[in-house]
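Participant: Below are the sequence and a predicted model; questions follow.
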Amino acid sequence: MKKYLSLLLLFALLSSCSEEIQFNNPAFQTLKNRVFWRAQTYEAYLTSGGQMVIKGSLGAEQVQLQTASPEARTYIFGVDNNSWATFYNEFSEPTYRFTTQANSGSGEITITEYNKEANTISGTFKFVAENSDERDTANANVSFSEGVFYKVPITSEITFEN
């Protein structure tokens, strides 16, 4: 009888253990100045000019990435105004904006998958964006490294340009 009771207790103990796995699918995350940063909301869209815009937001902070097209390849930031990255806080006072547009900042984005059937986009990014307010010498730039966006949903085409 003791064997059956021990076996029953062992079975109950083992069956009550479970491991909950949480998948981050879709995702938009990075290291902002070496601190983990994960977007709560994210979206992507094609502009009427054919550029792909990918956004990730955490509270009032927003990272916006733009590429010249949705084609799977690497795009370089800081060279022209076709591909760039921006970081800003909508509610800070004063509003600060960091950017990698032409001759400002540096970095890259690699689109690894543009899935037209599922309407999603995936890839990696890293960049150093310069503060648009040159008087703010305490916050001259912001750095993003090891950035990943995975299966971010693409919404309808936006007809206006930034």
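Facilitator: Arrived safely, thanks for sending.
Participant: Specify the beta-bridge partners of the residue nearest the centre of the chain.
Facilitator: Computing the C-alpha centroid of the chain and ranking residues by Cα atoms, centre = their mean puts F28 first, at 3.3 Å. Beta-bridge partners recorded for F28 (DSSP bridges): F149.
Participant: Report the helix or strand with the lowest average pLDDT across this structure.
Facilitator: Lowest mean confidence among the helices and strands of the chain (mean pLDDT, DSSP states H and E): helix 2-16, at a mean of 54.
Participant: all strands of the chain, in order?
Facilitator: With strands called from DSSP state E, the chain shows them at 27-32, 35-38, 41-46, 52-58, 61-67, 74-77, 84-89, 97-99, 106-115, 120-131, 141-153.
Participant: Check what contacts the last one and list those residues.
Facilitator: Meaning strand 141-153. 24-34, 37, 42-44, 54, 56, 63, 65, 85, 87, 98, 105, 107, 115, 118-131 (Cβ atoms under 8 Å, 6 or more residues apart in numbering). Heads up, the C-betas are built off the backbone N, CA and C, glycines and all.
Participant: CA atoms only: put that strand into CSV for me.
Facilitator: Written as CSV, here are the backbone C-alpha positions of strand 141-153 (Å, rounded to 0.1, in the frame of the first residue of the first chain):
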residue,chain,number,x,y,z
ASN,A,141,23.2,61.6,-28.8
VAL,A,142,21.4,58.4,-28.0
SER,A,143,22.6,54.9,-28.9
PHE,A,144,20.6,51.9,-29.9
SER,A,145,22.2,48.5,-30.4
GLU,A,146,21.1,44.9,-30.9
GLY,A,147,17.7,46.1,-32.1
VAL,A,148,15.3,43.5,-33.4
PHE,A,149,11.8,43.8,-34.9
TYR,A,150,10.1,40.5,-35.6
LYS,A,151,6.9,40.0,-37.5
VAL,A,152,5.7,43.6,-37.0
PRO,A,153,2.3,43.9,-38.6
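Participant: I appreciate the help and will end here.
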